[in-house]
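Enquirer: When you get a sec, could you give me coordinates for this:
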Amino acid sequence: MKLNPPPPLKPSYWMEAADFTDSLTPQSLAQESVDILIIGGGFVGLWTALTIKQMEPDARVMIIEQDVCGGGASGRNGGFVMSWWPKIGTLRSFCDEREAKFLGESAEQAIEELGDFCQAHGIDAHYQRKGWLWTATTPAHVDAWNGTLAACERLGVQPFERLSSEEVARRTGSAIHLAGVFERSNATVQPALLARGLRRVALENGVEIREHCAVTEIQPGEPVQVDTRQGKVQARQVVLATNAWAAALPELAALMVPVNSSIVVTEAVPERLAATGWKGGEAITDSQLMVDYYRTTRDGRIAFGKGTGALAYGSRIGTVFSEDASSLELTEADLRRTYPALCDVGVTHRWSGPIDRTYDSLPIFGRLGGQANIHYGIGWSGNGVGPSRLGGRILASLALGVDNPWSRCPLVERACRRFPPEPLRYIGGSMVRNAVIRKERAELAGMPPAVLDRFLARFAPAGLEDKS
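Expert: Got it, this is the predicted structure:
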């Protein structure tokens, strides 16, 4: 399997604010031999490495990363640390009640574990557990969460609290919010700082990390041989933790499609933010399929993102996933619509990034090409900051051949709806995306969407939350 590594992405605000002066310079690999090789130095790869060293301290574990650890999706997302309760309906579609409750409770527990991990290891990742508001910003979206709340109640859990319309408007600092529910367990982080902290702890625990080390070919076998621009590595087990970049492999490209998401960050205006009423530190999303997601930063900025959903032909990771002008325009327009009182506040940073979207927006774990020693975990669909900790447990268990609840997890080797090949993937996907944009613009304007747009929008992959 030959690969053509893409160019690095434009750094995000988070990356610029983090300290990367200790980035590891490229080193010759000669002919290295390791027990477990992890390709990808983001949250999934780092958690996998740390979990392996916890389970098998003597294992020789190496991470190779084409950029720097956190240089991909892990260092350019919104920093929301969410559970899987908003996806409980989808989980129930392929899990029984016991399995779905296990995954839901584990994902919620991972939020607290992340805070404990940062405290124990002195990682100042700006971890703040102030909860998440799931809102409606148009009458068409009011009570979109009812099915999810009912599914939670059937499992005997109540992670969400219903709020009055007045309370939602007050806590979000914007009258555009008409209704909402609150999930108290959720948190936010500065994601690049979290990636840097995980990297440091991994190095301290004996994980070898090679940054600026792009993979050019993977040759299956026993051992697997991985060729890079710096040399070759042989490994008994290989873990692919490459997020959207996994689309370079045809087998995995059928399971997910990279779509872009864009974020703009404002100037620091803490006093004006407090004056709006949004001073509790809550993370917020609305109920659009092309979801708006936003939070405040420690110094009083708004980081406002939108799942803008643009595609690239052949799923190539390029400028669409780095700094896409049209997507950024959509994102800033929604910022201004949501907070008109801050219309004069400047935007200091803009960037786009890739999301590895599956049809149901939950991850998939498996073995590449039926090879017992090449494992993958893909499809985080914009919610990987918290669940990546669980992904690390699943992938570590698979790589070590351990029979436990994680290796038997229903997310492993599950049957999934597949995406069509090119050119239908790009042409059809772009048609669906444009229909979703038109549909949601009509809904926001209080107009009925066109019949054709409603029809085409039904073919879009599921969103961040399950909606009634």
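Enquirer: so which helix or strand takes in H349?
Expert: strand 347-357 (DSSP states H and E).
Enquirer: Averaged pLDDT, that strand. What do you get?
Expert: Averaged across strand 347-357, the pLDDT comes to 98.
Enquirer: For the helix or strand following it, report the contacting residues that lie outside it.
Expert: Once the chain leaves strand 347-357, the next helix or strand it forms, by DSSP H and E, is strand 364-367. Applying CB atoms under 8 Å, 6 or more residues apart in numbering, the external contacts of strand 364-367 come out as 255-256, 358, 374-379, 391, 394-395, 398, 409, 411-414, 416. C-betas here are computed from N, CA, C, even on glycine.
Enquirer: The same query, at a cut-off of 10 Å, please.
Expert: 240, 251-252, 255-256, 356, 358, 373-380, 391, 394-395, 397-398, 406-407, 409-416 (CB atoms under 10 Å, 6 or more residues apart in numbering).
Enquirer: out of everything not next to it in sequence, what's closest to the residue nearest the centre of the chain?
Expert: The residue lying closest to the centre of the chain (CA atoms, centre = their mean) is G382, at 3.1 Å. Distances taken as CB to CB, 6 or more residues apart in numbering put I355 closest to G382, at 4.7 Å, once the chain neighbours are dropped.
Enquirer: Could you double-check that that neighbour sits in contact with M256?
Expert: Yes: with contact defined as CB atoms under 10 Å, I355 reaches M256; the gap is 9.1 Å.
Enquirer: Now the common contact residues for these two.
Expert: N243, A244, S361, G379, W380, S381.
Enquirer: where's the first one relative to V269, distance?
Expert: Look at N243 and V269: by CB to CB, to the nearest Å, they are 33 Å apart.
Enquirer: next one: the third one
Expert: Going from S361 to V269 by CB to CB gives 33 Å.
Enquirer: Neighbour count: the two, which is higher?
Expert: S361 (22 against 19; other CB atoms under 10 Å).
Enquirer: Need phi/psi at R60.
Expert: Main-chain torsions, R60, degrees, to the nearest 10: phi -90, psi 110.
Enquirer: can you tell me which residues contact it?
Expert: E32, S33, V34, D35, I36, L37, K53, G206, V207, E208, A235, R236.
Enquirer: Pull out the buried positions in stretch 318-325.
Expert: V320, F321, S322, E323, D324 (16 or more other CB atoms under 10 Å).
Enquirer: how about E465, what does it touch?
Expert: So E465 contacts 82, 85-90, 134, 144-145, 148, 285-287, 289, 291, 361, 383 (CB under 10 Å, 6+ apart).
Enquirer: list the buried ones in the strand holding H349?
Expert: Those would be V347, H349, R350, W351, S352, G353, P354, I355, D356, R357, for strand 347-357 by 16+ other CB under 10 Å.
Enquirer: Can you pick out the most distant pair from those?
Expert: V347 and D356 (26.7 Å; CB to CB).
Enquirer: Mind listing the residues bridging to G231?
Expert: A30, T228 (DSSP bridges).
Enquirer: got a list of what it touches?
Expert: P26, Q27, S28, L29, A30, Q31, E32, R210, C213.
Enquirer: any idea where the helices of the stretch 301-450 of the chain begin and end?
Expert: 325-338, 388-400, 424-444 (DSSP state H, counting those that start in this stretch).
Enquirer: Quick check: which of those helices is buried the most?
Expert: helix 388-400 (a mean of 26; mean count of other CB atoms under 10 Å).
Enquirer: which strands and helices sit next to it?
Expert: Other elements packing on helix 388-400 under the criterion 3 or more CB pairs under 10 Å, 6 or more residues apart in numbering; DSSP states H and E are strand 30-39, helix 43-55, helix 97-120, strand 231-240, strand 364-367, strand 374-378.
Enquirer: let's see it at 6 Å
Expert: Secondary-structure packing of helix 388-400 (3 or more CB pairs under 6 Å, 6 or more residues apart in numbering; DSSP states H and E): helix 43-55, helix 97-120, strand 231-240, strand 374-378.
Enquirer: backbone phi and psi for A18, please?
Expert: Main-chain dihedrals, A18, degrees, to the nearest 10: phi -90, psi 160.
Enquirer: Tell me, how many residues neighbour it?
Expert: If we define neighbours as other CB under 10 Å, then A18 has 22 of them.
Enquirer: Now it: closest residue in space, sequence neighbours ignored.
Expert: For A18, the closest residue by CB to CB, 6+ apart turns out to be A192, at 4.0 Å.
Enquirer: Assign a three-state SS to the one you found, would you?
Expert: State at A192, reduced to three classes by DSSP: H, G, I helix; E, B strand; the rest coil: helix.
Enquirer: and it, what is it in contact with?
Expert: Residues near A192 by CB atoms under 6 Å, 6 or more residues apart in numbering: W14, M15, A18, G70, G75.
Enquirer: how does it look with 8 Å?
Expert: A192 makes contacts with S12, W14, M15, A17, A18, G70, S74, G75, R76, as judged by CB under 8 Å, 6+ apart.
Enquirer: Can you list which of the residues you listed are found in helices?
Expert: Residues of the contacts of A192 located in helices (DSSP state H): W14, M15, A17.
Enquirer: S164: which of these is nearest?
Expert: Distance to S164, by CB to CB, is smallest for W14 among those, at 33.9 Å.
Enquirer: mind saving the C-alpha coords of stretch 340-359 as PDB?
Expert: Only the C-alpha atoms of stretch 340-359 are listed here, as PDB (Å, rounded to 0.1, in the frame of the first residue of the first chain):
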ATOM      1  CA  PRO A 340     -25.100  40.600  16.800                       C
ATOM      2  CA  ALA A 341     -24.100  42.700  19.800                       C
ATOM      3  CA  LEU A 342     -20.500  41.800  19.200                       C
ATOM      4  CA  CYS A 343     -20.600  42.600  15.400                       C
ATOM      5  CA  ASP A 344     -17.800  45.100  15.800                       C
ATOM      6  CA  VAL A 345     -15.400  42.600  17.500                       C
ATOM      7  CA  GLY A 346     -12.700  41.600  15.200                       C
ATOM      8  CA  VAL A 347     -11.700  38.000  14.200                       C
ATOM      9  CA  THR A 348      -8.000  37.300  14.700                       C
ATOM     10  CA  HIS A 349      -7.700  33.700  13.500                       C
ATOM     11  CA  ARG A 350      -9.400  31.600  10.900                       C
ATOM     12  CA  TRP A 351      -8.700  28.000   9.800                       C
ATOM     13  CA  SER A 352     -10.400  24.900   8.500                       C
ATOM     14  CA  GLY A 353      -9.800  21.200   9.300                       C
ATOM     15  CA  PRO A 354     -10.800  17.700   8.400                       C
ATOM     16  CA  ILE A 355     -13.400  15.500  10.100                       C
ATOM     17  CA  ASP A 356     -13.400  11.800   9.300                       C
ATOM     18  CA  ARG A 357     -17.200  11.400   9.100                       C
ATOM     19  CA  THR A 358     -18.900   8.000   9.100                       C
ATOM     20  CA  TYR A 359     -22.500   7.700   8.000                       C
END
